[in-house]
Structure formats: C-alpha cells, structure tokens
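Chemist: make a model of this:
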Amino acid sequence: MPHLTSTAAGTTGTGVRTALGIPGYAHPLVAPAQWAELARPGTPLDWVVLDVAAGPGTRPDPHCLEAAGRLRAAGVRVLGHLDLTHGARAFGDLLSDAHRHLDWYGVDGFLLDRCPTERTALPEVRRAITTLRAISDTAHVVLGHGRHPHPGYAENADQLVTFSGPWSDYRWSQAAEWTADYPPDRFCHFVHGVPRGHLDEALRIARWQGAATIYFTDRTDRDGRVDPWETVPGYWDDIVSRLGTGVSE
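Modeler: Okay, the predicted model is just below:
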C-alpha cells in the first residue's frame, strides 16, 4: 500500500526526512577514510552499525573505540551488531554481547541482525528487546528481518528492516499492507547493486513504500561471496547531496 504522494528530495509525503542507516562498514583499520567520512557535519545519518567481529569481539578494539567515539562526538547514533541467527542464538550469549557493546563502545542501541519473522518467534524476540532496554533504557532497537515480518514485531522495536537484498528484487517489490498503519521512520530498506542511473528511482520506491531509513549501494554481493555493505558506494556524494544539505564537494 502506498504511503506517499510526494517525492521531494530528502522528505517523504508525511514530512519525515529520509536518512541513511549504515549496516556496517569494514573494520576501521581496513577502511579508516570511510569511517571518518561518516563523522562529517551535515551527513544525513540516522545511525551507523558497529560490527567489530560478528559482534563486539572478545576484547576492546582500539580502532573501533576511536571510530565509535568520533561518531558519537559528532552526534551520530552508533548501534551494536547482535546476530539472532534466525532465532537460534542462545539468549545468554546475546545478552553477553550486548553488555560488551555497551561497556566497551558505549553504543546507543542495537541492530538485531538475522531476526526471525514468524509469529511463533515473537515472544523470544520480545524478551530480548525487553532485556536490552532494561540494561540500556534509551537503547534504539532495530530488527534486521530483511523482509516483512509478522506485524506484531512492529509493536516492540523502534525500527524494522523490511527489505535487504538486490536491486533486481527491490525494483519490483511491494510493501505489506499493514505497514501503512505506521509512520515511515519505523522502516528501513537496504539495497545493493543499485546502478547510479537508477538511484532516483530507488529513492522513489523507498518513499512510496514508506521507508525513511535507507542504504543504497552499487556494490554487489557477487552471488553471496562478499558483503556488499562493507564498502562505501561509488555514488556516496550523490546520495548524500540528495538526502542531506549538500555536503558533497
């Protein structure tokens, strides 16, 4: 169901600003310039995910400490990566990772990646969210489903990732009808393999489907062999200028 009647740059038809959610770049030691770019004033960021080593790692990482500190000093929300492994992750392990993210990196919330979508898994995910908010009462919680889950999940998290995949699927995708009951700032779309010439079309789709947090990249997953989110898109300046205040040079 369409949410929007306007496609003005940087805003939805409801007046909600479209911003970038960064799923997680490569390690700051490998990609220092990319992490530094995220702290530039005026960059239209909703949040940035910190994924040290498929989670917080086993000890504080000085490079990640520096990157997270720089972002938080710039007013950027940093989320710790937690992997739910489609509901198979042990609750104690998840909680331990959350504590390390908080204690070491001072994260502002969490992305619960590979979150299940079924109604039957909802009570366990709700338990996880309740516990995360008990140890960090201001935590911003994003559920990384990657597709539309049972609508009950929307009652528990701050945001849901309702699409994560290739442009070839996204350009023909449709939003679930129940999403129209919620504002666009509740939904996130991650799309890889978006050609530069289709960037405006991709932004229109996100606005039409009611997703105010997006990440588009021309990188691909090479048939599942690489992580398309680890590298900044080739048109980074273009997308920043479309969404933000024209910080590209």
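Chemist: going by C-alpha atoms from here, please, whenever you check contacts or count neighbours.
Modeler: Noted.
Chemist: so which other helices or strands are in contact with the longest strand seen in the chain?
Modeler: Taking residue count as the measure and DSSP state E as the definition, the longest strand of the chain comes out as strand 159-166. Helices and strands in packing contact with strand 159-166 are listed as strand 140-144, strand 187-192; criterion 3 or more C-alpha pairs under 8 Å, 6 or more residues apart in numbering; DSSP states H and E.
Chemist: strands paired with the longest one, and their directions?
Modeler: If I follow you right, that is strand 187-192. The partner list of strand 187-192 in its sheet, established with DSSP bridges, is strand 159-166 (parallel), strand 213-217 (parallel).
Chemist: got it, and the shortest one?
Modeler: Taking DSSP bridges as the criterion, strand 140-144 sits next to strand 109-113 (parallel), strand 159-166 (parallel) in its sheet.
Chemist: can you list the helices and strands packed on strand 159-166 in JSON lines and add distance to residue 155, mean neighbour count and mean pLDDT?
Modeler: JSON lines is the format used below for these (distance: least, C-alpha to C-alpha, whole Å; neighbours: other C-alpha atoms under 10 Å; pLDDT from 0 to 100):
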{"stretch": "strand 140-144", "distance to residue 155": "11", "mean neighbour count": "25", "mean pLDDT": "98"}
{"stretch": "strand 187-192", "distance to residue 155": "12", "mean neighbour count": "25", "mean pLDDT": "98"}
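Chemist: dump these to CSV, plus distance to residue 233.
Modeler: Listed next are these as CSV, based on distance: least, C-alpha to C-alpha, whole Å:
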stretch, distance to residue 233
strand 140-144, 21
strand 187-192, 9
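Chemist: picking up where we left off before, which of the strands paired with strand 187-192 sits most buried?
Modeler: Mean neighbour count, computed with mean count of other C-alpha atoms under 10 Å, is highest for strand 213-217 among those, reaching a mean of 25.
Chemist: so residue 141 sits against residue 107, correct?
Modeler: No - with contacts defined as C-alpha atoms under 8 Å, residue 141 does not count as touching residue 107, sitting 11.1 Å away.
Chemist: my read is that residue 140 contacts residue 156, right?
Modeler: No - taking C-alpha under 8 Å as the definition, residue 140 is not a contact partner of residue 156, at 11.1 Å.
Chemist: how many neighbouring residues does the closest residue to residue 82 other than its chain neighbours have?
Modeler: Taking C-alpha to C-alpha, 6 or more residues apart in numbering, and ignoring the residues beside it in sequence, residue 82 has residue 112 as its nearest neighbour in space, at 4.9 Å. If you count neighbours by other C-alpha atoms under 10 Å, residue 112 ends up with 26.
Chemist: list the buried ones in whatever helix or strand residue 97 lives in?
Modeler: In this structure, residue 97 sits in helix 91-105 according to DSSP states H and E. Along helix 91-105, these residues count as buried under the neighbour rule (16 or more other C-alpha atoms under 10 Å): 94-95, 97-102, 105.
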